[in-house]
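Trainee: what's the 3D shape of this:
(chains A and B)
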Amino acid sequence: EDQVTQSPEALRLQEGESSSLNCSYTVSGLRGLFWYRQDPGKGPEFLFTLYSAGEEKEKERLKATLTKKESFLHITAPKPEDSATYLCAVQARGNNRLAFGKGNQVVVIP
Amino acid sequence: DTAVSQTPKYLVTQMGNDKSIKCEQNLGHDTMYWYKQDSKKFLKIMFSYNNKELIINETVPNRFSPKSPDKAHLNLHINSLELGDSAVYFCASSQQPQAGKNEQYFGPGTRLTVT
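Mentor: A predicted model of the protein is given here:
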């Protein structure tokens, strides 16, 4: 069964204090790894898809990287508006379902 | 112009009642999904339809019945509601998951509270 473990569960950062979120996964043949952002009371918002080890994607202060066992979401010089829960999900080959982790809750303090 | 919309946003009902949640997407996607997010924020897939055909049916009580009248709509009907059904239900859609285009776009969620 596909498994996704995210750490840390919760993270408090000072504005401007860069940090990384970890997503470890076990999947029988990775088709894609997905990062989402979820704000309170809202649906998850798609951020990135990574397909193979070594791939990197960036969007504003966020950068996602992928190895064969884990993905990192780096937040550079975060601002309070980056406060959210970040969800990681994997899709296995031959399978349409996404298996989600429990999320990293990030709070950025001004 | 909302991409994935759900109604209602909030639903409060008593045990034993039957209720429905509706979802519509205007992205032209072929595949739609229902997810349940529990109180610990864990997001778990329930069902998926591809072009009106059921393709994912997770271990969900048969009190839950999805229906897709066309590929832009996916509804969820729940019979004999129980306290444990209280959660946030999300609808999502994606273009062609089997072709690797599985970026899923989520609706705003329906918060169901069973009393």
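Trainee: Can you give me the neighbour number for residue 106?
Mentor: All of this is about chain A. For A:Val106, the tally of surrounding residues (other CB atoms under 10 Å in any protein chain shown) stands at 21. All C-beta spots, glycine's among them, are computed from the backbone N, C-alpha and C.
Trainee: not what I meant, chain B
Mentor: Counted with other CB under 10 Å, B:Phe106 comes out at 22.
Trainee: excluding its backbone neighbours, what's nearest it?
Mentor: Distance criterion CB to CB, 6 or more residues apart in numbering or on different chains; nearest residue to B:Phe106, sequence neighbours excluded, is A:Gly43 at 3.4 Å.
Trainee: thinking the one you found is in contact with B:Pro108, fair?
Mentor: Yes: counting by CB atoms under 8 Å, A:Gly43 does reach B:Pro108; the two are 5.2 Å apart.
Trainee: So which of these two has more stuff around it?
Mentor: Each of A:Gly43 and B:Pro108 has its neighbours counted (other CB under 10 Å); A:Gly43 has more, 22 against 17.
Trainee: and the residue nearest to B:Phe106, that one's in a strand?
Mentor: No: according to DSSP: H, G, I helix; E, B strand; the rest coil, A:Gly43 belongs to no strand; its state is coil.
Trainee: Please report the distance of it from B:Phe64.
Mentor: For A:Gly43, the distance to B:Phe64 equals 19 Å [CB to CB, to the nearest Å].
Trainee: residues touching the residue of chain B found nearest chain A, list them.
Mentor: Nearest to chain A, among the residues of chain B, is B:Phe106, at 3.4 Å (CB to the nearest CB). By CB atoms under 8 Å, 6 or more residues apart in numbering or on different chains, the residues touching B:Phe106 are A:36, A:43-45, B:4, B:35, B:90-92.
Trainee: what's the pLDDT at the residue nearest to B:Phe106?
Mentor: Confidence at A:Gly43, expressed as pLDDT, is 96.
Trainee: now it: how far from B:Asp30?
Mentor: From A:Gly43 across to B:Asp30, the span is 20 Å (CB to CB).
Trainee: Hmm, A:Val90 is touching A:Tyr25, no?
Mentor: Yes: using CB under 8 Å, A:Val90 is in contact with A:Tyr25, at 4.8 Å.
Trainee: any shared contact partners between these two?
Mentor: A:2, A:4, A:33.
Trainee: Need phi/psi at B:Leu27.
Mentor: The phi and psi values for B:Leu27, taken as degrees, to the nearest 10, are phi -90, psi -10.
Trainee: tell me the phi and psi of whichever residue of chain A sits closest to chain B?
Mentor: When distances are taken as CB to the nearest CB, chain A reaches nearest to chain B at A:Gly43, 3.4 Å away. Dihedral angles of A:Gly43 (phi, psi; degrees, to the nearest 10) stand at phi -80, psi 160.
Trainee: near chain B, which residues of chain A show up?
Mentor: Neighbours of chain B within chain A, by CB under 8 Å from any CB of the partner chain: A:31-32, A:34, A:36, A:38, A:41-46, A:49, A:51, A:85, A:87, A:91, A:96-98, A:100, A:102-103.
Trainee: and these, which of them are in strands?
Mentor: Counting by DSSP state E, the part of the residues of chain A next to chain B found in strands is A:31-32, A:34, A:36, A:38, A:45-46, A:49, A:85, A:87, A:91, A:98, A:100.
Trainee: What subset of those residues is buried?
Mentor: The neighbour count (16 or more other CB atoms under 10 Å in any protein chain shown) marks A:31-32, A:34, A:36, A:38, A:49, A:85, A:87, A:91, A:98, A:100 as buried among these.
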